[in-house]
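A.B. asks: I'll drop the sequence and a predicted model, then ask my questions.
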Amino acid sequence: MSGLNNLTIAEARDKMRSKEITAVELTEACNAAVAASDSLNAYCEKTPEIALEQAKAADARLAAGNAPDLCGIPLAIKDLFCTKGVASQAGSNILTGFKPEYESTVTTRLWDAGAVMLGKLNMDEFAMGSSNETSAYGPVVSPWRREGSNTALTPGGSSGGSAAAVSGDLCLAATGTDTGGSIRQPAAFTGIVGLKPTYGRVSRWGIVAFASSLDQAGPMTKSVRDAAVMLQAIAGHDAKDSTSADLALPNFEAALSGDVRGKKIGIPKEYRLDGMPEEIEKLWSEGTEMLRDAGAEIVDVSLPYTKYALPTYYVLAPAEASSNLARYDGVRYGHRAKLQQGEGINEMYARTRAEGFGDEVKRRVMIGTYVLSAGFYDAYYRKAQRVRTLIKKDFENVYASGVDAILTPATPSAAFGLGEMADADPIKMYLNDVFTVTVNLAGLPGISVPAGLDSEGLPLGLQLIGRPWEEADLLNTAYALERATGFVSKPEKWW
Amino acid sequence: MRIDKETARRVANLARIEVPEENLEHLASELSGILGFMEQLAEVDVDGVEPMTSVTPMRLKRRQDGVTDGDMQDKVLSNAPDAREGFFAVPKVVE
C-alpha cells in the first residue's frame, strides 16, 4: 500500500471511515516513508512500534464507530513537546537522555483522539533559529531543491523537521511551535500550511518553554482543512496552563465555506520593505487580487510600529529565555559536566551549560541576562514591554476599523541554502521573522498559506493575520485563498 | 552601548555559562552588535504607555490551595544525572 503517506488528514479520515483503508495500512506506509528518509534528517526519534500499536487500537475504535476525526491519523511531533517515555530533547545536547515521565497536553489530546505517533521531529535548539542549523542533531534538509540544482536547502526553522516531514509526506501532519514565526516561516519555505493560534488558545503545558509570553503551539499540515481539524483536537482550556483561555471552541472545519464576500482584508503598507524581492511583491499583489475576486473588500491599513517589532522581540524573547533556561543546571535532568578535583557546584553549573548549550542559545541567554540585569532593565526590558503595547495597539486600531484579516507575505525570501548564512551576523538571520514576529507580540492568530513558486521552483507563502480568538474566520479566509491559488506543487522525491 | 570584555565576563558569569578567556573578546563584540540593533527602541516615545505583561487581558483563575498530585519520588528522580537515597545529588556545597 504505497502512497498512502501522501494523503491529507481529511482524505485519510474519510477513507478509513468508509473502510477503504485501515489505520494499520496507513501507518505502515508512513513508517516505511520515515525509515527511508534519513538523508533529510527530519526525524530525530522514530517510534514505529508505538505507531503500529496505536494504529491497531485506532482500527478497533473505527470499527466500533463514532471515532474522532484524528483516529488512526499518523502524525509526527516536534521535539519540543514532552512525550512520555520517548526522548524529548528540544534539539539540545543539554537534554541528552531526557525521557519525560509525563505527556504534554497537546500530545495527550492527540492520542486521546486516536492519533498515531510516528516519531519526534528535529528542530532548532530550544526553538531558537530560523534555519534548523542550531539543532544538536544537525540541520534538517528540505525536500525541496532549486530547479536543476542539488544544493541542500533549509526547510526553515525552528519547526524545520515538522515542515520537511509534512512536505516530504513523511507523515500526514505535524505539530509545531511558534514564538516569532517558527511555524509560519518553515511552512512558507516548504509549501505547506502552518497555523499559529491566538496566544492562550492551545495549552503550553509540557512544551519546553522558550519565551512564555510568546510561545504557542499549532498545526503544520498539507491543507487548510487539515489545520482546522487538528486545531480542533489540540485547542481549548487546560487547568495546567494558567494562560490558556477558558473559551468555548467553535467547529473550525464547519467554518470552511470559502465565502469571503464582504470581508474586509487589510494590506499594511509597512510590510513593503526596501529591497524586497520582486517575486514576493508580485505574489502579495496576486494574493490580494484573488481575495478581491472572491468578493472581499481590500483596504490599505497602517501598522506604524512594525519596524520596532524585531528589536522588541529580540529583547523580550531572550529575556524570557534566560529565565526559562535557568533550569538546565545539570541537577534534575539531562547533561552534567565532569568536574576536576577541587571544583564545586558553581563550576558544575557553568560548565554543564557551556557544554550543553549551542552557540545561538548561549548568545540569547546572555543577551537576556544582560537586558534583565541591574541598570539595564528599564532601558531595554521595560522599554521593549512598552513598545510591545504600542505594536499591539496598531493591530487593535486596524481591527476596530472593521478589518477582518490582514494579508502580508510570510517571509522576505524563499528558502536559502544550508550554510549560506553561516558567516552572516546573527541579525541577518533574525530578519527572517520580520513579517511574522509582530503577530506573536500582539498575541494574534496567523496562518501561512502556500501561494506560488519562485523562478527557481521554490515555494513562497502568504500570511493572513486574524482577530484574536477568531481562528475559524481566519481559517475560512485562508481556505478561500488556498482555493484561489490552487497550489498543488510537491517536491520531487530525491532522498 | 558597547559591551567590553569585562562586561562580557560578568554577563557570562551571571548566566552561569563558562566562557574561555580567549573567547571573551569575540563574545563582547557579538553582544554589542545585537544590542546595537536594539538601540532603535530608544527613538520610540513611550511616555504614558503601560508595559505589557499579559498579551490577552484575562483574570488568573483561582483554585483551592490543596494537594492534587504527588507521591512520585521515583518519577521525579528518574532523569537525574545523579540521584541517591531519594535525593538529587550535587557536589558538596557547604564546607
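C.D. replies: Perfect, I can see it now. Numbers count the residues shown, from 1 in each chain, chains lettered A, B, ... in the order given.
A.B. asks: rest of the way, CA atoms for contacts and neighbours
C.D. replies: OK.
A.B. asks: Now tell me which helix or strand of chain B has the poorest mean pLDDT.
C.D. replies: Lowest on mean pLDDT, DSSP states H and E among the helices and strands of chain B sits helix B:24-38, with a mean of 94.
A.B. asks: On the three-state scheme, residue 58 is what?
C.D. replies: I'll assume chain A. Classification of A:Ala58 using DSSP: H, G, I helix; E, B strand; the rest coil returns helix.
A.B. asks: nope, chain B
C.D. replies: Assignment for B:Met58 (three-state DSSP): coil.
A.B. asks: now A:Ala174
C.D. replies: Secondary structure of A:Ala174, per three-state DSSP, is strand.
A.B. asks: Spit out the contact partners of it.
C.D. replies: A:75-78, A:162-163, A:165-166, A:219-221 (C-alpha atoms under 8 Å, 6 or more residues apart in numbering or on different chains).
A.B. asks: With A:Ala165 instead?
C.D. replies: A:42-43, A:76, A:121, A:171, A:173-174.
A.B. asks: where's the most centrally placed residue in chain A relative to A:Pro459, distance?
C.D. replies: Centroid-nearest residue in chain A, with C-alpha atoms, centre = their mean: A:Ile183, separated by 2.0 Å. A:Ile183 sits at a distance of 15 Å from A:Pro459 (criterion: C-alpha to C-alpha, to the nearest Å).
A.B. asks: Would you mind listing where chain A has pLDDT under the threshold?
C.D. replies: Residues of chain A meeting the criterion pLDDT under 70: A:1-2.
A.B. asks: Which parts of it are strands?
C.D. replies: Applying DSSP state E to chain A gives strands spanning A:43-46, A:74-78, A:116-121, A:173-178, A:193-196, A:216-221, A:264-268, A:297-301, A:405-409, A:446-453, A:459-466.
A.B. asks: Phi, psi for the most centrally placed residue in chain B please.
C.D. replies: Taking C-alpha atoms, centre = their mean as the criterion, B:Ala15 is the residue nearest the geometric centre of chain B, at 6.8 Å. Main-chain dihedrals, B:Ala15, degrees, to the nearest 10: phi -80, psi 0.
A.B. asks: same question, A:Pro250
C.D. replies: Per degrees, to the nearest 10, the backbone of A:Pro250 is at phi -80, psi 170.
A.B. asks: Compute the number of surrounding residues for A:Lys490.
C.D. replies: When counting by other C-alpha atoms under 10 Å in any protein chain shown, one arrives at 16 neighbours for A:Lys490.
A.B. asks: Tell me how far it lies from A:Thr27.
C.D. replies: Distance from A:Lys490 to A:Thr27, by C-alpha to C-alpha: 21 Å.
A.B. asks: pLDDT weak spots in chain B?
C.D. replies: Residues of chain B that meet the cut-off, pLDDT under 70, sit at B:1.
A.B. asks: quick revisit: out of the contacts of A:Ala174, which is most surrounded?
C.D. replies: A:Ala163 (42 neighbours).
A.B. asks: I figured that one hits A:Met220, correct?
C.D. replies: Yes: applying C-alpha atoms under 8 Å as the test, A:Ala163 and A:Met220 come out as touching, 7.0 Å apart.
A.B. asks: B:Met38 touches A:Pro311, doesn't it?
C.D. replies: Yes: with contact defined as C-alpha under 8 Å, B:Met38 counts as touching A:Pro311 (4.7 Å).
A.B. asks: hang on, the earlier thing: quick one: which of the contacts of A:Ala165 is nearest chain B?
C.D. replies: Nearest to chain B among those: A:Leu121, at 21.2 Å, using C-alpha to the nearest C-alpha.
A.B. asks: sorry, back to before: residues in contact with the residue nearest to the centre of chain B?
C.D. replies: Contact analysis of B:Ala15 by C-alpha under 8 Å, 6+ apart lists A:322, A:326, A:365-366, A:369.
A.B. asks: So A:Ala368 versus A:Arg386, what's the distance?
C.D. replies: Slight slip there: residue A:368 is Gly, not Ala. 17 Å.
A.B. asks: Now do the same contact list for A:Ala51.
C.D. replies: By C-alpha under 8 Å, 6+ apart, the neighbours of A:Ala51 are A:27, A:74, A:116-118.
A.B. asks: Measure how buried residue 5 is and give me the count.
C.D. replies: Just going to use chain A. With other C-alpha under 10 Å as criterion, A:Asn5 counts 26.
A.B. asks: Chain B, not that one
C.D. replies: 17.
A.B. asks: want to throw the strands of chain A into a markdown table with distance to A:Ala209?
C.D. replies: As requested, the strands of chain A are exported to a markdown table (distance: least, C-alpha to C-alpha, whole Å):
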| stretch | distance to A:Ala209 |
| --- | --- |
| strand A:43-46 | 19 |
| strand A:74-78 | 13 |
| strand A:116-121 | 17 |
| strand A:173-178 | 10 |
| strand A:193-196 | 16 |
| strand A:216-221 | 10 |
| strand A:264-268 | 31 |
| strand A:297-301 | 34 |
| strand A:405-409 | 28 |
| strand A:446-453 | 20 |
| strand A:459-466 | 24 |
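A.B. asks: Out of those strands, the one nearest A:Val202 is which?
C.D. replies: A:Val202 lies closest to strand A:216-221 among the strands of chain A, at 6.3 Å (C-alpha to C-alpha).
A.B. asks: name the helices or strands packed onto that closest one?
C.D. replies: helix A:160-167, strand A:173-178, strand A:193-196, helix A:224-234 (3 or more C-alpha pairs under 8 Å, 6 or more residues apart in numbering or on different chains; DSSP states H and E).
A.B. asks: Which residues of the stretch 351-495 of chain A lie near chain B?
C.D. replies: Contact residues (C-alpha under 8 Å from any C-alpha of the partner chain) of the stretch 351-495 of chain A with chain B: A:351-354, A:362-363, A:365-367, A:369-370, A:380, A:382-390, A:426-427, A:441-443.
A.B. asks: about what we covered before: buried stuff in the helix or strand following the least confident helix or strand of chain B?
C.D. replies: In the C-terminal direction, the helix or strand that comes right after helix B:24-38 (DSSP states H and E) is helix B:73-77. For helix B:73-77, a neighbour-count test (16 or more other C-alpha atoms under 10 Å in any protein chain shown) marks B:76-77 as buried.
A.B. asks: Could you point out the helix or strand that follows helix B:73-77?
C.D. replies: strand B:83-84.
A.B. asks: The helix or strand following that following strand pairs with which strands?
C.D. replies: Where DSSP H and E defines the elements, the next helix or strand beyond strand B:83-84 is strand B:87-88. Strand B:87-88 has the following sheet partners, assigned by DSSP bridges: strand B:83-84 (antiparallel).
A.B. asks: buried sites along stretch A:415-431?
C.D. replies: Those buried within stretch A:415-431 under the rule 16+ other C-alpha under 10 Å are A:415-418, A:426, A:430.
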